[in-house]
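Student: how would this look folded up:
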Amino acid sequence: MTMDLTPRHPEYWTASAEASVERAIAGLRAVLDGRANRRVLLLCDSTLADPLAEEIASAGLARREVDLISQGATAPPLYLAEVPDEVRHERLVNASLRLAVDEAVRPAPAARRARSMSAWLATDLPLTEVAQRLIQRARLRDAQGRVRILRFWDPRTTQFQSELYAGTAPASWIPGATWMSLDGFGRWQTLPDARGPMQAVTPDWPRLARLGRVNAVLQRLNAEGLRYGPQALEAVRRALDAGAACGIDDDEDVALFAAWRVRLAAPLERAPSFMALLREVREEGGRLYRAAEDMDDEDWQVFAQEAQAREDLQA
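Tutor: Numbers count the residues shown, from 1 in each chain. All right, here's what the predicted structure looks like:
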């Protein structure tokens with residue numbers, strides 16, 4: 001007889017992550033218990049991963065693709081799975097919640113963090129109708145009349161809904177459904193089935209782009225696991241402002257700069273050697289993130305020390 005020494009959870013799984021799962025289970029249950037029918041729809045995004053696909057198929061759940069094809073994709077990555085109000089499916093629903101927390105807290109490359117569980121929808125609407133409403137909400141036209149896809153279903157967009165639609169109460173992205181998700185920090189979020197501009201109004205594109213940059217910085221900061229939570233948001237925004245002030249306008253470049261500025265808690269733009277590097281990159285028509293490929297952590301720490309020395313001198 002042998003003993004299985006495989007740990008129940010990977011090293012990055014903490015008591016906080018387990019608590020997030022418990023809060024999510026309780027949050028979903030609270031919504032479903034208040035409904036006559038406890039049916040729930042899983043909104044899944046298979047762009048980078050689809051770990052529940054086999055389990056959904058083996059359970060015989062009805063599935064409906066959401067016909068939104070991103071550039072370069074061969075099939076729509078977004079789909080709905082209908083979980084009937086049956087006790088035998090409870091394990092699958094709980095597994096989907098645990099997966100969402102895992103995807104939020106696990107180490108992952110900055111641009112390759114899968115969020116395969118987008119949302120849980122409590123609704124009496126038919127599967128086809130929900131899919132159609134998702135499509136209608138996603139397809140927008142910008143100021144130039146071009147068709148754009150609003151990736152509202154990504155939890156990292158949903159967590160900033162109150163900023164995209166400032167001054168309005170949170171509400172579901174589509175009418176007829178209570179929208180539930182786990183945000184980029186593993187926190188449970190419920191958007192009630194209520195009318196609001198988020199169901200029809202085109203968001204402010206510059207504001208949306210700004211939030212995209214905030215998320216890009218957070219993904220860099222949390223590449224080795226969820227180390228920076230909501231309390232880091234103000235520092236991230238200040239770092240993005242500092243990057244813009246010194247002329248860093250490329251998305252990847254400013255995300256790189258801002259992440260290091262937050263990580264080292266230092267105004268890197270005040271380091272003479274960093275500004276010299278930035279000038280050199282501009283003169284050569286290059287990119288900061290390309291130049292940084294030949295740098296290591298110690299180089300950034302030197303910038304931080306220079307910046308701090310200048311601050312101390314001025315003080």
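
Student: Spatially central residue for this protein, please.
Tutor: R156 (2.7 Å; C-alpha atoms, centre = their mean).

Student: Surely M180 is within a helix?
Tutor: No. Note on M180: no helix contains this position according to DSSP: H, G, I helix; E, B strand; the rest coil, which reports strand.

Student: What distance do you get for it to A232?
Tutor: Noted for M180: a distance of 24 Å to A232, by C-beta to C-beta, to the nearest Å. From N, CA and C alone the C-beta is placed, and that goes for glycine too.

Student: count of neighbours near L127?
Tutor: Residues lying near L127 (other C-beta atoms under 10 Å) number 15.

Student: For the residue nearest to the centre of the chain, grab phi and psi.
Tutor: phi -80, psi -10 (degrees, to the nearest 10).

Student: Below-threshold pLDDT in the chain: ranges please.
Tutor: Low-confidence segments of the chain (pLDDT under 70): 1-9, 70-75, 315.

Student: Spell out, range by range, the helices that occur in it.
Tutor: In the chain, the segments counted as helices under DSSP state H are 15-33, 53-58, 90-105, 127-138, 155-158, 161-164, 205-221, 233-245, 251-264, 272-283, 288-291, 297-314.

Student: Which one of those lies nearest to L43?
Tutor: helix 127-138 (7.7 Å; C-beta to C-beta).

Student: Can you give me the buried ones in that closest one?
Tutor: Neighbour counts over helix 127-138 (16 or more other C-beta atoms under 10 Å) mark 130-135, 137-138 as buried.

Student: How many residues are close by Q231?
Tutor: 8.

Student: Repeat that for the one 3 residues further on.
Tutor: When counting by other C-beta under 10 Å, one arrives at 10 neighbours for E234.

Student: and what of D33?
Tutor: What D33 shows, counting by other C-beta under 10 Å, is a neighbour count of 8.

Student: thinking again about what came up before, I'd say the residue nearest to the centre of the chain and G184 touch.
Tutor: Yes. Using C-beta atoms under 8 Å, R156 is in contact with G184, at 4.5 Å.

Student: list residues touching both of those two?
Tutor: 215, 218 (C-beta atoms under 8 Å, 6 or more residues apart in numbering).

Student: quick revisit: more crowded one of M180 and A232?
Tutor: Between M180 and A232, M180 has the larger neighbour count (other C-beta under 10 Å), namely 25 against 18.

Student: hang on, that one packs against Q189?
Tutor: Yes. Using C-beta under 8 Å, M180 is in contact with Q189, at 6.9 Å.

Student: List of residues touching stretch 134-150?
Tutor: Counting by C-beta under 8 Å, 6+ apart, 43, 66-68, 70, 78, 80, 151-153, 157, 173-174, 199-200, 202-203, 205, 208 sit against stretch 134-150.

Student: The same query, at a cut-off of 6 Å, please.
Tutor: 66-68, 173-174, 202, 205 (C-beta atoms under 6 Å, 6 or more residues apart in numbering).

Student: now, the most widely separated pair of those residues?
Tutor: The most widely separated members of those are D67 and W205, with 23.5 Å between them, by C-beta to C-beta.
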